[in-house]
Structures are given as structure tokens and as C-alpha cells.
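J.: Sharing a sequence plus its predicted fold:
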Amino acid sequence: MSQKKAEITYHCECIECGYEMDSEKHCNDLKCPECGGQMRRKERPGPGQNSRGFISAAKQLAQKEGTTVTEALKKVRRQNPQLYEDFREKI
């Protein structure tokens, strides 16, 4: 009697834009379908990846709103304080 391997579903998010999706493939093997950025496991982001997400989120917001990156960094900090704190720990 053979046992079928349990199918694993990974909950992934894009490091660059925050897009979320579920996949049977490991998140590190995927590119974001929205922006082409690197995907990561949402529940286990890994060291150093949050800081890249913080800067990237600010750059995208600045471009979208036509403002400076500095102003966008302030706004991202207000919107997502945990992402900012993770970033501060890395610098």
C-alpha cells in the first residue's frame, strides 16, 4: 500500500510589492506575477528581507504619488510600523 505525499501549500508574498498568493511550489522559486519581484514565505520571511521590503515599498509609493522617497518613507513608516522596526534593527 503506497502513501501519497501530502500536498503542501505555501503562503507567499512579494518582497517588492507585497502581492500575496498560495502556491504548491516553494516561494523562493517564484517571481511575482504582478511586478516580477522575488517571492518569500509570508509566515517565515527570513533575515534581511523585511528591510528590502521597507525601502522598496517607499520607492514604489514615491513613484506612484509623485513625491520624494523621504516623504514616502515617512508614510510607509506610519502605515506599517512593524516593517519599519524590522528595518531599523538591520541598520
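T.: Sure thing, it's come through. These numbers come from a predicted model, not from an experiment. Numbering: from 1, shown residues only.
J.: gap between the most centrally placed residue in the chain and Gly37?
T.: Closest residue to the average C-alpha location of the chain: Ile15 at 2.6 Å, with C-alpha atoms, centre = their mean. Look at Ile15 and Gly37: by C-beta to C-beta, to the nearest Å, they are 6 Å apart. Heads up, the C-betas are built off the backbone N, CA and C, glycines and all.
J.: Cys14 too?
T.: Counting by C-beta to C-beta - Cys14 and Gly37 are separated by 5 Å.
J.: which of these two has more neighbours?
T.: Set Cys14 next to Gly37 and count neighbours by other C-beta atoms under 10 Å: Cys14 wins out with 24 against 21.
J.: Would you confirm that the more buried one contacts Arg41?
T.: No. Counting by C-beta atoms under 8 Å, Arg41 is not a contact partner of Cys14; they are 11.7 Å apart.
J.: Pop the domain breakdown of the chain in here.
T.: 8-46, 47-91 (automatic domain parsing).
J.: What sits closest to Met21 if chain neighbours are left out?
T.: Once flanking residues are discounted, Met21 sits nearest to Cys12: 5.4 Å by C-beta to C-beta, 6 or more residues apart in numbering.
J.: Give me the sheet partners of the host helix or strand of the one you found and which way each runs.
T.: Assigned by DSSP states H and E, Cys12 falls within strand 10-14. Sheet pairing of strand 10-14 (DSSP bridges) gives strand 20-23 (antiparallel), strand 39-41 (antiparallel).
J.: Lowest average confidence across the domains of the chain, which one?
T.: Mean pLDDT per stretch puts domain 47-91 lowest among the domains of the chain, at a mean of 72.
J.: Name the surrounding residues that touch the strand holding Cys12.
T.: With contacts defined as C-beta atoms under 8 Å, 6 or more residues apart in numbering, strand 10-14 is touched by 19-27, 30, 32, 34-35, 37-43, 45.
J.: Can you go through the residues you listed and name the buried ones?
T.: Neighbour-count burial (16 or more other C-beta atoms under 10 Å) applied to these gives 21, 27, 30, 32, 37-42.
J.: Helices of the protein, start to end?
T.: 49-65, 69-79, 81-90 (DSSP state H).
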